[in-house]
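*Asks:* compute the structure for the input listed below.
(one chain, ligands or ions: 1)
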Amino acid sequence: MSWPEGYDLRVLDEVDSTNAEAARLAISLAGPTWILARRQTAARGRRGRAWINPEGNLAATLLMRPTETPDIVALRSFVAALALHEALVMATGRTAGLTLKWPNDVLLNGGKVAGILLESLGVRQGVQHLAIGIGVNLLHPPECAALEPGAVSPVALMSATGVAVTPEEFLTLLAAAYAKVETLFVTQGFAPVRQAWLLRAARLGETITARAGGTETVGTFETVDAAGNLVLATGAGRAHIPAADVFF
Ligand SMILES: O=C(O)CCCC[C@@H]1SC[C@@H]2NC(=O)N[C@@H]21
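*Replies:* Numbering: from 1, shown residues only. Here you go, the predicted structure:
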């Protein structure tokens, strides 16, 4: 697997957060750039949570300058999730046990092995930037405080599969997979990405719970719509949910 053409790479020993570093770099960005850090001191997760990032796990951010409208740009969370899935398949040589949890976690044997934090860096000098931060538990499952009922536990690639991959090796697989899915997205739109994502979806057709801003919706996970919303069939009809935490 070789490094994809047109993508730059910066490797840091230590940084607060690769997404924060992406925000600092945005102004001088020449082209899509992966930022890899061996250690993060203030890694962040979705919804303002901290992300525990032991050394040996992957901590990387792809910084890019997309040209589409914000609603289309946001669909790159599915592009990234699909690429992560493919990279994990390449690393382990297996598809069994690897699934995607809406909106953009990757599960291994039902545990969370990877998470994605998409941050729009807003418009600077008339140009918008996007940071796609990716954390993968390659070596260690991060210790976490008590999980909410129904939340998935963290799992590490190494203990679950016996496969040892360094962050550098894994990023090479991920960058190549991302470049491929990005080309599919840019040339053919969200439809094939959505279709591929649904084929790998965890709990499709099952009853799940979506919680957002104090609201809980329980329903059958029907699909993800063309805008990336979670679609649940509930007693009160079909709910299209743009953002939430999902519990099984
Ligand atoms: O909450 C989640 O599931 C998303 C976690 C994303 C963590 C990654 S690690 C690399 C990048 N830098 C950060 O500060 N966060 C993301």
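*Asks:* residues from the chain in reach of the ligand?
*Replies:* 17-19, 40, 43-46, 49, 51, 53, 59-61, 105, 115-117, 133-135 (CB under 6 Å from any ligand atom). (Glycine included, C-beta is placed from N, CA and C.)
*Asks:* what's the weakest-modelled helix or strand in the protein?
*Replies:* Scoring the helices and strands of the chain by mean pLDDT, DSSP states H and E places strand 111-124 at the bottom, with a mean of 88.
*Asks:* which strands or helices does it pack on?
*Replies:* If you count contacts as 3 or more CB pairs under 8 Å, 6 or more residues apart in numbering; DSSP states H and E, strand 111-124 packs onto helix 18-25, helix 76-92, strand 105-108, strand 127-136, helix 157-161.
*Asks:* now it against helix 18-25, angle please.
*Replies:* Orientation of strand 111-124 against helix 18-25 (axes from the mean of the first three to the mean of the last three CA atoms, to 10 degrees) gives an angle of 20 degrees.
*Asks:* quick one, strand 111-124 and strand 127-136 angle?
*Replies:* 170 degrees.
*Asks:* mind listing what's buried in strand 111-124?
*Replies:* Across strand 111-124, burial judged by 16 or more other CB atoms under 10 Å covers Gly111, Lys112, Val113, Ala114, Gly115, Ile116, Leu117, Leu118, Glu119, Leu121.
*Asks:* just how off-centre is it within its chain?
*Replies:* 6 Å (CA atoms, centre = their mean, to the nearest Å).
*Asks:* stretch 218-230 now?
*Replies:* Counting by CA atoms, centre = their mean, stretch 218-230 comes out at 18 Å from the chain centroid.
*Asks:* list the contacts of it.
*Replies:* 71, 74-75, 77-78, 102-103, 190-191, 194, 197-198, 201, 203-210, 231-235, 238-242, 244, 246 (CB atoms under 8 Å, 6 or more residues apart in numbering).
*Asks:* which of those are buried?
*Replies:* 74-75, 77-78, 102-103, 190, 194, 197, 201, 203-204, 208-210, 231-232, 239, 241, 244, 246.
*Asks:* show me what contacts the nearest residue to Asn109 once chain neighbours are set aside?
*Replies:* Leaving aside its chain neighbours, Asn109 sits nearest to Gly97 (4.4 Å; criterion: CB to CB, 6 or more residues apart in numbering). With contact taken as CB under 8 Å, 6+ apart, Gly97 is in contact with Leu107, Leu108, Asn109, Gly110, Ala160.
*Asks:* for ChimeraX, write the selection for the buried entries among the residues you listed.
*Replies:* To isolate the buried ones among those in ChimeraX, judged by 16+ other CB under 10 Å, type:
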select :107,108,160
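*Asks:* of the contacts of Gly97, closest to the ligand?
*Replies:* Leu107 (11.5 Å; CB to the nearest ligand atom).
*Asks:* give the contact list for the nearest residue to that closest one once chain neighbours are set aside.
*Replies:* The spatially closest residue to Leu107, leaving aside those adjacent along the chain, is Thr99, at 4.8 Å (CB to CB, 6+ apart). Contacts for Thr99 (CB under 8 Å, 6+ apart) come out as Val106, Leu107, Arg200, Ala201, Ala202.
*Asks:* can you do 7 Å?
*Replies:* Leu107, Arg200, Ala201, Ala202 (CB atoms under 7 Å, 6 or more residues apart in numbering).
*Asks:* still on that earlier bit, how near is the residue nearest to Asn109 to the ligand?
*Replies:* 19 Å (CB to the nearest ligand atom, to the nearest Å).
*Asks:* specify the beta-bridge partners of the residue of the chain found nearest the ligand.
*Replies:* Closest contact between the chain and the ligand, by CB to the nearest ligand atom, is at Gly115 (2.2 Å). Gly115 has these beta-bridge partners by DSSP bridges: Gly135.
*Asks:* thanks again, I'm all set now.
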